[in-house]
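# mind looking at a prediction? Sequence and model below.
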Amino acid sequence: MIDVAEDFDLVVLGGGSAGYAAALRGAQLGLRTAMIERHRLGGTCLHNGCIPTKALLHAAEVADRTRDAQFFGVMATFESIDMPAVQRYKDKTVDSLCRGLTSLVKARDITYIEGEGRLSSPTSVDVNGRRVQGRHVLLATGSVPKSLPGLEIDGDR
């Protein structure tokens, strides 16, 4: 059984970069806004794609710069890479950005609903046993990471 929830001016299905941008803009325009996301706010880019990749690339760049430090008159030696520490750096970066985004959404009075939403009509989304109605519904359901042929994602590498 579906409980009918409150009505909104804008319901955004998806909390990735497109979804949260749309929700923030809607709130900025004075629309009563709800955003529904099945995982953590920020989507693939923040949690599995762009941001973690850039954090790992930054750590690699620091290692390369350390190897080349002597060319800049800096005396430094490169010993090794501590992968657990690199992973902690990446996770801390992602968590910090997620917390900041969550605070921003909350500060803009956007109703954030965590759960897997399903479009049930042109003006409603069902999520967690309730129906969220919206004068406008925006679908921003995002993407998933794609691997390269022959390099399947196995969870270890």
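Cool, the structure landed.
# and L41, what pLDDT?
At L41, the model reports a pLDDT of 92.
# oh, I was asking about D154
D154 is assigned 75 on the pLDDT scale.
# tell me the contacts of the closest residue to A18 other than its chain neighbours?
Closest residue to A18 apart from its sequence neighbours, by Cβ to Cβ, 6 or more residues apart in numbering: A140 at 4.2 Å. Where you see a C-beta, it was placed from the backbone N, CA and C, and this is true even at glycine. Residues counted as contacts of A140 (Cβ atoms under 8 Å, 6 or more residues apart in numbering) are 12-16, 18-19, 22.
# if we go to 6 Å?
12, 14, 18-19, 22 (Cβ atoms under 6 Å, 6 or more residues apart in numbering).
# for L24, see how far away it is.
Distance, A140 to L24, using Cβ to Cβ, to the nearest Å: 12 Å.
# contact partners of stretch 8-22?
With Cβ under 6 Å, 6+ apart as the criterion, stretch 8-22 contacts 23, 26, 31-37, 41, 43, 45, 117, 125, 132, 134-142.
# mark which of those are buried, thanks.
Buried positions within the contacts of stretch 8-22, assessed by neighbour count (16 or more other Cβ atoms under 10 Å), are 23, 26, 31-37, 41, 43, 45, 117, 125, 132, 134, 137-138, 140, 142.
# that older thread, which of the contacts of A140 tops the neighbour count?
Using other Cβ atoms under 10 Å as the neighbour criterion, V12 leads those with 30 neighbours.
# which elements pack onto the helix or strand K54 falls within?
Assigned by DSSP states H and E, K54 falls within helix 50-67. The contact analysis (3 or more Cβ pairs under 6 Å, 6 or more residues apart in numbering; DSSP states H and E) places helix 50-67 against helix 83-107.
# any idea of the mean pLDDT in the helix it packs on?
Over the span of helix 83-107, the pLDDT mean works out to 95.
# for that helix, name the packing helices and strands.
Counting contacts by 3+ Cβ pairs under 6 Å, 6+ apart, helix 83-107 packs against helix 50-67.
# helices of the protein, residue ranges please.
With helices called from DSSP state H, the chain shows them at 17-28, 43-47, 50-67, 83-107.
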